[in-house]
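Asker: sequence first, then the predicted structure:
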Amino acid sequence: MELGYIFDLDGVITDTAEYHYLAWKQLADEEKLPFTRQDNEALRGVPRRRSLELLLKGRVFPEAKMVEMETRKNGYYQALLENITPADLLPGVAQFLEAAQAAKIHLGIGSASKNAMPVIRRLGIEHFFDAIGDGYCVVNHKPAPDLFVWVAGRLGLWPTQCYVFEDAEAGVDAALAGGFHAVGIGPVERVGRAHYVLPEGLKTAHVRDFC
Ligand code: B16
Ligand code: MG
């Protein structure tokens, strides 16, 4: 049977969470709003607008101000992305992708980020993937399954033929809702609903663990 592996980007392939934190923190400081690293954890896998709403903790602003704030944060984030190199792949990721490609497993990305393409290019891994789904591809974000279903379709596979690798609770729920096999990356408290859990990331995984 043909198999597909669909990877989330931030938290699975690389760790841009610190850059997201620094960019949101700069915005929060400018707006005199409290924002901690722990607050940032709740934004894992969450799209930009929803992240801003969580940061604002119920404060209400006009739409134009909301757009201005998310644009400003994205500018700070994109400046930080200039620092990314292939050395920023998480441990074991390059070996895992090479082994999966050698095993003729179809590979895709399903990321909520509208910055996924520049990140993937800077990491030097674009050539591994037959389908890349990012924050522009579907309307309904994780925990809706739409993005992973979109990527599976581009791979020419059914969800039941695909394993989704996710570090966010919302991403695991999206995979389960779509009928995918879910592999959680990180602590059981966060991704424990997945069919498989890799607390230390892909570095401890072998491509055939999921067949
Ligand atoms: P952007 P993923 C997600 O990426 C991040 O985990 C999340 O923190 C971020 O808010 C979201 O992308 C949107 O990113 O502002 O660049 O469009 O985990 O789905 O790869
Ligand atoms: Mg993620």
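Answerer: Perfect, I can see it now. Bear in mind that the values here come from a model prediction, so they are computed numbers and not experimental data. Ligands and ions are numbered 1, 2, ... in the order given.
Asker: got the phi/psi numbers for V67?
Answerer: phi -60, psi -40 (degrees, to the nearest 10).
Asker: give me the neighbour count for it.
Answerer: Neighbourhood size, V67 [other Cβ atoms under 10 Å]: 13. (C-beta placed from N, C-alpha, C; glycine too.)
Asker: do G135 as well
Answerer: 16.
Asker: which non-adjacent residue is nearest it?
Answerer: K114 (3.7 Å; Cβ to Cβ, 6 or more residues apart in numbering).
Asker: separation between the one you found and ligand 2?
Answerer: 14 Å (Cβ to the ion, to the nearest Å).
Asker: would you mind listing what in this structure touches ligand 1?
Answerer: With Cβ under 6 Å from any ligand atom as the criterion, the chain meets ligand 1 at residues 8-11, 20, 43-48, 51, 74, 111-115, 135, 168.
Asker: please indicate which of these are buried?
Answerer: For the residues of the chain next to ligand 1, a burial check counting by 16 or more other Cβ atoms under 10 Å picks out 8-11, 20, 43-48, 51, 111-113, 115, 135, 168.
Asker: tell me which helix or strand of the chain sits lowest on mean pLDDT?
Answerer: Across the helices and strands of the chain, the lowest-confidence element by mean pLDDT, DSSP states H and E is helix 37-41, at a mean of 92.
Asker: is that helix in proximity to ligand 2?
Answerer: No. Counting by Cβ under 5 Å from the ion, ligand 2 is not contacted by helix 37-41; separation bottoms out at 11.6 Å.
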